[in-house]
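K.L.:
sequence and predicted model, in that order:
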Amino acid sequence: DAGITQSPRHKVTETGTPVTLRCHQTENHRYMYWYRQDPGHGLRLIHYSYGVKDTDKGEVSDGYSVSRSKTEDFLLTLESATSSQTSVYFCAIRGDTSYEQYFGPGTRLTVT
Amino acid sequence: EDQVTQSPEALRLQEGESSSLNCSYTVSGLRGLFWYRQDPGKGPEFLFTLYSAGEEKEKERLKATLTKKESFLHITAPKPEDSATYLCAVRGNTDKLIFGTGTRLQVFP
């Protein structure tokens, strides 16, 4: 299994509160991704990173920000959580020489 | 716009009953088609990458094939442990994967 962990695994928070999700990898891979998965939608890319301090937006980036200060950690922040951000969030990584992405176990976030 | 459509949405099979899942795609400059398996409550697990029409990959009871417009995931003599949601994704000219909504497969003994 790819060495990817996500924390927390489950979180319930209230509308308007800030939330940070963490993705940690032990593979020393350069590329990291954040997705959300919702019923009726495929996995949708939120943000991705191609190196330390190098990030870019995906298709559903509004309301989210990311940071990557170390190769192994990629943080996803919801500055002010809304009910529409209730979802399952997955982190993924990939190496430099292949295009397949490997996914973490996910974080289930509920915004009440 | 890059797009992936998977069919059927759900498939119920008897153990040993072979079938195929479909992934139709439109993409600017295909640079990889990916199949994943996802079990409930878990992250997607990588299965195959296909890069060009005519390519085939196999793993146990699964075989993935690719044409210029679609990919098939053939399941031969499935077992209950093959029950999962199977996801298809494509990579075009950008470093982004576009996913379909998946096919939920149930195999009954």
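P.N.:
Structure received.
K.L.:
around chain B, pick out the residues from chain A.
P.N.:
A:4, A:31, A:40-45, A:48, A:50, A:58-59, A:90, A:98-106 (CB under 8 Å from any CB of the partner chain). The way it works is simple: take the backbone N, C-alpha and C, and place the C-beta from them, glycine included.
K.L.:
among those residues, name the buried ones.
P.N.:
Buried by 16 or more other CB atoms under 10 Å in any protein chain shown: A:4, A:31, A:42-45, A:48, A:58, A:90, A:100-104, A:106, out of these.
K.L.:
among these, which are in strands?
P.N.:
Taking DSSP state E, the ones among those that sit in strands are A:4, A:31, A:44-45, A:48, A:90, A:102-103.
K.L.:
from chain B, how far out is the closest residue to residue A:22 other than its chain neighbours?
P.N.:
The shortest distance from residue A:22 to any residue other than its chain neighbours is 4.9 Å, reached at residue A:7 (CB to CB, 6 or more residues apart in numbering or on different chains). With the distance defined as CB to the nearest CB, to the nearest Å, residue A:7 ends up 14 Å from chain B.
K.L.:
might you report the residue contacts of residue A:7?
P.N.:
Residues in contact with residue A:7 (CB atoms under 8 Å, 6 or more residues apart in numbering or on different chains) are A:21-22, A:24, A:107.
K.L.:
pLDDT value on it, please?
P.N.:
At residue A:7, the pLDDT value in this model is 97.
K.L.:
and stretch B:82-100, is it in reach of chain A?
P.N.:
Yes: with CB under 8 Å from any CB as the criterion, chain A is reached by stretch B:82-100 at B:87, B:89, B:91, B:95-100.
K.L.:
report the buried residues of that stretch.
P.N.:
For stretch B:82-100, a neighbour-count test (16+ other CB under 10 Å) marks B:82-92, B:95-100 as buried.
K.L.:
how far off centre is it?
P.N.:
8 Å (CA atoms, centre = their mean, to the nearest Å).
K.L.:
that'll do, ta.
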